[in-house]
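Asker: no FASTA, just this:
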């Protein structure tokens, strides 16, 4: 074993000082990985304990951080960071939903080649285990007597549901495989859940800003929404929601409680519990969209609202689209006491989910490959999130506000009131840069000076150039 | 070249007589394939032209038939055949839809092993090109830089749409790939199309009896249906429909015009044209479900209503689920002038369709393997259809009526009025036999003495035993 006990050593301070100077000069940038203790010891000709002591000292000064099973990194400093975005005002009315013309325009040009795409909250393909999934797919075909050509049962592949149930342990869940219904991605899961608990004309509470696909689900079921203001760090205002429920006759809620898209906010455990308990008292169901929950940057997986659910009122939804295989279209729901209704709707709308990609994912997960992949993905996203934030701080005007997510894929930028994010989007497209303008994240024409910047793409020169160009375009409003 | 010119030859008559006697004694049964002309010549030590002459003679007597590119088969004779089912009476009211409790019960036990499954209108896995599709899937993964993990675009894989456009030539269609939207099976296609052209509370005309999933689509969109009586051979009564349109304020139609499920009826070309022209005059859209169209037993592919569509009012829907790969969940629609609405709903409900199975099918079709497979499948289904009909004639009471489909997967049996098909279903399950009882094919509690018998499974002893048992159970009502 290495001797890592601290002892007096004039060497460590000297090494630490040199590292600090590299950080100051930005030779080492936020999120950069430092040498391992062993490598530092070797490179500098110092003992292991001296190397460790140098890092320990820098850590105590808040300059670097240790990440579990990963090593030491230059820490994100808020000293030169931009302000957090503001919380928007509450609404006066529940409104019918209609935003999709702008959405169609924003996403119509995105398949063009050569575009720097900051507008889609998904991981770069380079972060996904392409070869291992191919292998799992081929194995799944070989293992199936029907070559996966048969219809899967309505509820979904049993082996996959078993793996999903095991994975749920991480977020404090204890579902059995029979509690789970597999769907064609999380959007289908949400759509089935929302339909199971509402009727046309009902009002549903959602966060604001929120992912536009959620409005579209509401619109397609003829529902009205009330937008509940959300803090960029801790999520929705539960007291405001409690008052809004009788006022707007809210029948159900749909929240992304962990790493909300676009804010990246994460409700702390106690707030999640408070929310679930408050809704349970009023017997109001909650659809919890947890597609980003596995992409946490901290030490542990945040819990879910579902983990506090005692009455079966939380309809948990998630997918593998953000963490593993977007194109496989596999999601799931744990719909609590609404399982029969959800299964019925699933049978009606899509008969059953893709047999082949379910079997492939079941194979991949059974081989224990998922956890390893997630560890790699989380590290990469954490680093990318810091790099992108740093670039925003560097290239955008100083009055720009930006979120500091602790998980997920997105930054949310609030610019000077003069800036028109939709126009910025049109301008940026001419430079082959795609962003998601703020107004598509609200039904009320809000967030006109905001946009969502996804950091799913690996940090490259063209990404940096893209953010630089965006900053330049924003400055044109001054 | 073979000399196939007829010449006087006493041999041919003798050979023909022996074959005729084998048919009479049912050593050769309806649908059996005969030796090739060459093999017959060899086996009997006769010339090619004598062998050909023998078959020509039997064909002229109506005992055997030549099938293009396939050879000679023992012909289906209606001499000892059962009557055709009757056409039901028209309805008095448009009704809201609700049948699914019975459907759930019927299909809940079907995944049990060892069941003789006559209740699902799909091909036996043994009739599908399992190995070739596996190969196409692996090739698709290798050809994709992202290993097919990326989201496909909303409209669907371009190469697949191109292949679908080429395939449409067979039914008289000339769509371009841009007219096609890929969906998760035909049920999603129908659901999107119906939603695109109606609003809740509208009334839609459908055939009766009809596939229960169609009611479920209607129910889930809050629509009412009017059931239009359909003839077991030529499909719906167009004149009745024309009168029903103003009477029930019908806003749209949804018909399976080619090999309707469950009747197996096929509207002749001129009736399809008449239907399309009549609806065009009234500006009423038609959703055409054509999932069985490729499974024809005659010489040519029946045309579709879509091929007569001049105003873009026909929303064509189909899939690969019945012909190639049920579990791949790939269908498509050619929605005519409603394309923008359908695309919008597709984006809202499922983002995009499975990338991997789209790419696999595109690969399979591009290699020209589909046509060859279809020829094999059609032949097999034709033979199975005749075998199953023969067994029904043999084992069921004489007052049983049965359809004589010219394509598709299903027979429709009308039994004595005393027989309760739902009870028959419950009894049959105890013998591990699954059937689809008549009442699930109507919203009006009709067809209580009918059931659907699918002949997708290969003819085996246990299939024959199953039909024999069903016949025995039916006789218990006498």
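Answerer: Now that the structure is in, tell me what you want to look at. Because the structure is predicted, anything quoted here is derived from the model rather than measured.
Asker: and the stretch 1-150 of chain A, which residues reach chain B?
Answerer: Counting by CB under 8 Å from any CB of the partner chain, the residues of the stretch 1-150 of chain A close to chain B are A:100, A:104, A:111, A:120, A:122, A:125, A:128, A:130-131, A:133-134, A:137-138, A:141-142, A:145-150. Using the backbone N, CA and C atoms, a C-beta is placed for each residue, glycine as well.
Asker: and chain A, what are its domains?
Answerer: Split into domains by automatic domain parsing, chain A comes to A:10-74, A:95-125+A:372-475, A:129-370.
Asker: among the ones you listed, show me which one is buried the most.
Answerer: domain A:129-370 (a mean of 21; mean count of other CB atoms under 10 Å in any protein chain shown).
Asker: dump the domains of chain A into a markdown table; add mean pLDDT and distance to residue B:361 as well.
Answerer: Putting the domains of chain A into a markdown table (pLDDT from 0 to 100; distance: least, CB to CB, whole Å) gives the following:
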| stretch | mean pLDDT | distance to residue B:361 |
| --- | --- | --- |
| domain A:10-74 | 83 | 42 |
| domain A:95-125+A:372-475 | 88 | 20 |
| domain A:129-370 | 94 | 11 |
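Asker: picking that back up, mark which of the residues of the stretch 1-150 of chain A next to chain B are part of helices, please.
Answerer: Residues of the residues of the stretch 1-150 of chain A next to chain B located in helices (DSSP state H): A:100, A:104, A:130-131, A:133-134, A:137-138, A:141-142.
Asker: which of those residues lies closest to chain B?
Answerer: Among these, residue A:130 lies closest to chain B (CB to the nearest CB), at 3.7 Å.
Asker: for residue A:122, give me its contacts.
Answerer: Residues in contact with residue A:122 (CB atoms under 8 Å, 6 or more residues apart in numbering or on different chains) are A:321-322, A:326, A:409, A:454, A:456, B:151.
Asker: if you set the cut-off to 6 Å instead, what comes out?
Answerer: A:326, A:456 (CB atoms under 6 Å, 6 or more residues apart in numbering or on different chains).
Asker: quick check: residues of the stretch 151-300 of chain A near chain B?
Answerer: Contact residues (CB under 6 Å from any CB of the partner chain) of the stretch 151-300 of chain A with chain B: A:151-153, A:184, A:187-188, A:191, A:216, A:220.
Asker: strands along the stretch 351-478 of chain A, start to end?
Answerer: Assigned strands in the stretch 351-478 of chain A, in chain order: A:401-402, A:410-414, A:433-434, A:436-437, A:450-454 (criterion: DSSP state E, counting those that start in this stretch).
Asker: in helices, which of the residues of the stretch 151-300 of chain A next to chain B fall?
Answerer: Per DSSP H, helices hold the following members of these: A:187-188, A:191, A:216, A:220.
Asker: redo those as a markdown table? Include distance to residue B:226.
Answerer: A markdown table is the format used below for those (distance: CB to CB, whole Å):
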| residue | distance to residue B:226 |
| --- | --- |
| A:187 | 33 |
| A:188 | 30 |
| A:191 | 28 |
| A:216 | 31 |
| A:220 | 25 |
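Asker: counting by contacts, list what the longest strand anywhere in chain A packs against.
Answerer: Longest strand in chain A by number of residues (criterion: DSSP state E): strand A:224-231. Contact analysis of strand A:224-231 by 3 or more CB pairs under 6 Å, 6 or more residues apart in numbering or on different chains; DSSP states H and E lists strand A:203-208, helix A:238-248 as its packing neighbours.
Asker: how far does that strand sit from the chain's center?
Answerer: Distance of strand A:224-231 from the chain centroid (CA atoms, centre = their mean, to the nearest Å) equals 19 Å.
Asker: got the angle for it vs helix A:238-248?
Answerer: Orientation of strand A:224-231 against helix A:238-248 (axes from the mean of the first three to the mean of the last three CA atoms, to 10 degrees) gives an angle of 160 degrees.
Asker: who does strand A:224-231 pair up with?
Answerer: Strands that pair with strand A:224-231, judged by DSSP bridges, come out as strand A:95-96 (antiparallel), strand A:203-208 (parallel), strand A:235-236 (antiparallel).
Asker: would you reformat those as a markdown table and include distance to residue B:296?
Answerer: Below are the strands paired with strand A:224-231 laid out as a markdown table (distance: least, CB to CB, whole Å):
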| stretch | distance to residue B:296 |
| --- | --- |
| strand A:95-96 | 47 |
| strand A:203-208 | 48 |
| strand A:235-236 | 58 |
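Asker: to residue A:58, which of the ones you listed lies closest?
Answerer: Proximity to residue A:58 (CB to CB) singles out strand A:235-236 among the strands paired with strand A:224-231, at 32.6 Å.
Asker: run through who's touching that closest one.
Answerer: The contact list for strand A:235-236, computed with CB under 6 Å, 6+ apart, reads A:207, A:228, A:230, A:265, A:267.
Asker: wait, doesn't the first one sit right on residue A:232?
Answerer: In other words, residue A:207. No. The criterion here is CB atoms under 6 Å, and residue A:207 misses it with residue A:232 at 11.0 Å.
Asker: quick one: contacts for the residue in the stretch 351-478 of chain A positioned nearest to chain B?
Answerer: Taking CB to the nearest CB, chain B has its nearest neighbour within the stretch 351-478 of chain A at residue A:355, 2.9 Å off. Residue A:355 makes contact with A:148, A:152, B:327 under the criterion CB under 6 Å, 6+ apart.
Asker: show me what contacts the second one?
Answerer: I take that to be residue A:152. Applying CB under 6 Å, 6+ apart, we find residue A:152 in contact with A:352, A:355, A:358, B:327.
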